[in-house]
Structure formats: structure tokens, C-alpha cells
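>>> how would this look folded up:
(one chain, ligands or ions: 1)
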Amino acid sequence: MSEDASGAVEAPMNFELPEELRMLKETVRKFVDKELIPVERQARQGHRLKPEIEAQFRTKAKALGLENYDVPQAYGGLGLGLLARAVVWAELGRSIALPPRAGHIFGPNVSPILYHLNEAQKEKYLLPTIRGELNWCFAQTEPDAGGDPGSMRTTAVRRGDTYVINGNKRFITEASTADFAQVIAATDRAKGSHGGISAFIVDMKSPGVKLLRAQELVIDDRPWELAFEDVVVPVENRIGEEGEGFKHAQDWLNIGRVRHGARGIGVIERCLELGASYAKQRVTFGEPLAQRQAVQWMLVDSFISLNQLRFMVHDAAVKYDQGRDIRVEAYQAKIFGDTQSFIAADHCMEIHGGMGLATDLPIEKFWRDQRSMMITEGPIENLKMALARHVLRTYG
Ligand SMILES: Cc1cc2nc3c(=O)[nH]c(=O)nc-3n(C[C@H](O)[C@H](O)[C@H](O)COP(=O)(O)OP(=O)(O)OC[C@H]3O[C@@H](n4cnc5c(N)ncnc54)[C@H](O)[C@@H]3O)c2cc1C
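Next up is the predicted model:
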């Protein structure tokens, strides 16, 4: 910190994005405005992109020079830091064109867990995934164990050089197209999530892996219910040591939570754009909606949330890029981001009246998708329970 002649302190803090990230943001924003938003209502077929639209998006995305922006340089990607990735996610969040759980147009969808595999496993699963040759799914949730994996019933029992997996999984995204699953199972149920849970890579063509049914939801996603019946998995397919199923989870969970927050930035911003424009043009009782305090306050509340969320997400991402522990920041980014973006979509819907519910506009999809975000990858209440430990420890 330095002082000028008048004695005023010049603070070294700077909340602006650095120049190269401002340029990245501008580039992705233009792409979203020009390529995604104009076709966003026709882009999806169910929970996936229509093949011809996906091809078109991929070609345009390639031209931006952002291919594999989230893959580390050691594996041939751009290896952008988390702050840069958050900037990209926020901009993409402004459009409903890309399905939230299956909209990978800058390269294949690479599970962050795969970067924690051993070298032989990386060769067999990570590298082909990066090359786009293999698809994966992540199978943790069960009919009787969702946000509480310690009560998991799926077991993996060691038999010589193999494990035998038995149990049912529910809500598994893209299970029907996956070549392999990352399966979380109990190796010692008595220990629960403290050393009793292990992770495995399971070939989806293994005898005993059964796709039971796709679950219909209020959102477009159709996650699968699966059964594992005496599925034999070689020991070399265990991820990490036995009982360490969650050893590396913190890293990718943190990234996922920041991603939720970043997406929320984009959703709130677009809902503000839609809500403010409509409020100015729609006249009721002789005056534009924009003149009504009730409407102004909804927009102002969303605007304040947008700025708070941006600080939260950038703070978490900068600290992650500095190698710091961001558990507390990541919880906040997901809790606040998912909740406030849903509220912003709800305000936007309210301002539009009946048109807010119309499928001509993107609002209803933001509204449904953001509601689902509050439940998946950790319901808000579960995250608050975890964050409460920090709050009580710090302030109690
Ligand atoms: C579209 C979609 C895609 C999904 N994809 C996958 C996937 O690919 N792989 C996978 O493994 N799972 C997936 N899931 C599952 C998802 O992660 C779970 O639904 C989520 O973790 C919640 O689990 P649950 O539904 O069993 O709810 P439960 O754990 O039964 O909880 C129900 C509700 O109770 C409340 N609650 C729970 N515990 C507490 C607590 N301690 N304190 C206060 N309140 C609490 C919360 O509000 C919670 O929403 C997906 C789900 C959906 C909807």
C-alpha cells in the first residue's frame, strides 16, 4: 500500500477483471448474442442440442479459439484458470440455447474426476474422453441416498482381484449414452462416508449393468435409474484407495459450485435485460410498467443480487487460482447463485405476466432450470448445513 502527497492511501485492491479476461468476456458475449440467442428456442431437442444446431455451434465455437478451454494444457487444452472459466460460464448462462447439463460445444465433456485417476487409468479413460471417443456418467445418487451418501446401499465387495457391485442408482445423467460410469459404492457400510465409500470405473457394457428407466421431470433432463446386479469390476478400476471415494471430491465439487454461481450471473443478467425492456414497453393502467415501484423493486433486487453474486464468484475463483482452500466461498457461490438466479427468473416471469409463462420466450426455461439447480449437485439446505459448521466455528 502506498501513500500519495496528500496522505490518501492508494489501496492495491482491484475488483475489475484484468484486460485479457475483459476481452474474453466480450468475445463470448458477442458469440452468445450472435449465435446462441437468435436460435435459442429451437436449439434443444429434449435435454440435448439438435444435431445440426450442435454442429453449427461447434464450428462457430472453434472459430473463437476457445476449444477445450477447460482442459489442462498438459492434456492439449487451453487450461484456463477458474476465474477465466467462470467468465465463460457466466456469459453462456445468458442463453437457454445450451442444455445446462449437456451443452458442451467447446470440446467434449470431461469429468473433472478423471484428472485424479492413476496414469494407467488416465490412458484408458481420460485421454479417450478428451479426444471425444468415450462418454461417461457419474453414478452416486440412490433411491434411498441422495444428498446423504453415507447411507448408501450399493455395495462393492472384494473378491480376489475383483469387486462385485450390487445396488440401484437413480437420476444418473446421460447413463444411456455413457461408455463408462464412475460409480460410488460402499466398501464398508459401517464406516459410512468416513472411509467406507469407494469409487470405481465401470464399463457400461459389463454383464449385470441395467438401464431401468429414464425419469421424466419438469425440466428437459431425463436422468436414468440403473441397476447393478453382480457386476464384476477389476481391482485396477478402483479410483484411488479403498475407502477414499471422496478423497478428491472436494476439488471438483468446489469447481462445480463455482460453475453454478457463474451460470447464475448470466441468468440474472439476461432476466434483467428481458425484464427491464418489457417493463419499459408494456403499458398498463395508462403507464409503462417501468414507472411502477413494485416492478422497479423487482429489477433493483435482481440487480443487487447480480453484483453480489459476481463478487462472490470472482472471489472464489481468484482464491482457487491462487491455490487456496475455497470451500466456504464455493458453498456461498452455489447457495446464493442458484437461489438468486431462480428469484430473478421468477421476477422476470412476474413482470411479463402471462407472456412470462409462454414458451416463445426463454423465461420459463430459466425458471425451471434454475429451480432444478437448487437441488442438483447438493441441495441448498445440505450446503447450508455444511456452511453452518464454518459459521458456528468462526462466530460461536
Ligand atoms: C436433473 C438431475 C440430474 C441429476 N444427475 C445426477 C447424476 O448424474 N449423478 C448422480 O449421482 N446424481 C444425479 N442427480 C441427483 C441429485 O444430485 C440429487 O437429486 C440431489 O443430491 C438430492 O438428493 P435426493 O433427490 O435424494 O434428495 P434427498 O437427499 O432425499 O433430500 C430431499 C430434500 O430434503 C432436504 N434435505 C436433505 N437433507 C437435509 C438436511 N440435512 N438438512 C436440511 N434439509 C435437508 C433438501 O431440501 C433436499 O432437497 C440428478 C438429479 C437431477 C434432478
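
>>> use CA for all of it now, contacts and neighbours both
OK.

>>> Give me the three-state assignment for Leu80.
coil (DSSP: H, G, I helix; E, B strand; the rest coil).

>>> ok, it - contacts?
Counting by CA atoms under 8 Å, 6 or more residues apart in numbering, Leu80 touches 69-72.

>>> switch to 10 Å and redo it
Taking CA atoms under 10 Å, 6 or more residues apart in numbering as the criterion, Leu80 is in contact with 66, 68-73, 86, 88, 321.

>>> and the helix or strand Arg41 falls within, how far out from the chain's middle?
In the assignment (DSSP states H and E), Arg41 maps to helix 40-43. Offset of helix 40-43 from its chain centre (CA atoms, centre = their mean, to the nearest Å): 21 Å.

>>> With just CA atoms, put it into CSV.
The C-alpha trace of helix 40-43 is given here as CSV (Å, rounded to 0.1, in the frame of the first residue of the first chain):
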residue,chain,number,x,y,z
GLU,A,40,-32.2,-20.5,-28.5
ARG,A,41,-35.8,-21.5,-28.6
GLN,A,42,-35.2,-24.0,-31.4
ALA,A,43,-31.8,-25.3,-30.3
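
>>> can you list the residues that contact it?
Against helix 40-43 from outside (CA under 10 Å, 6+ apart): 32, 36-37, 49-54, 57, 95-99, 359-362, 365.

>>> from the middle of its chain, how far away would the helix or strand following that helix be?
As assigned by DSSP H and E, the chain's next helix or strand after helix 40-43 is strand 44-45. Averaging C-alpha positions (CA atoms, centre = their mean) puts strand 44-45 19 Å from its chain's average.

>>> Give me the contact list for strand 44-45.
With contact meaning CA under 10 Å, 6+ apart, strand 44-45 is reached by 50-51, 53-54, 96-99, 103, 220.

>>> Name the weakest-confidence residue in these, if you would.
In terms of pLDDT, the lowest of the contacts of strand 44-45 is Gly103, showing 79.

>>> Next, work out how far apart it and Trp136 are.
In this view, Gly103 and Trp136 are 15 Å apart by CA to CA, to the nearest Å.

>>> who has more neighbours, those two?
Neighbour totals were compared for Gly103 and Trp136, and Trp136 leads with 24 against 19 (other CA atoms under 10 Å).

>>> thought that one was touching Glu174?
Yes: between Trp136 and Glu174 there is a contact at 7.5 Å, judged by CA atoms under 10 Å.

>>> Overlap of the contact sets of those two?
Shared contacts of Trp136 and Glu174 (CA under 10 Å, 6+ apart): Ala181.

>>> Which residues of the stretch 1-150 of the chain lie near the ligand?
Proximity of the stretch 1-150 of the chain to the ligand, by CA under 6 Å from any ligand atom, involves residues 138-141, 145-148.

>>> Generate a PyMOL selection restricted to the buried subset of those.
Command for PyMOL that selects the buried part of these, burial taken from 16 or more other CA atoms under 10 Å:
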select buried, resi 138+139+140+141+145+146+147
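
>>> Check the residues of the stretch 1-150 of the chain next to the ligand against Gly337 and report the nearest one.
Comparing these against Gly337 with CA to CA picks out Gly147 as the nearest, at 18.9 Å.

>>> any idea which element that closest one lies in?
Short version, using DSSP H and E: Gly147 is in no helix or strand.
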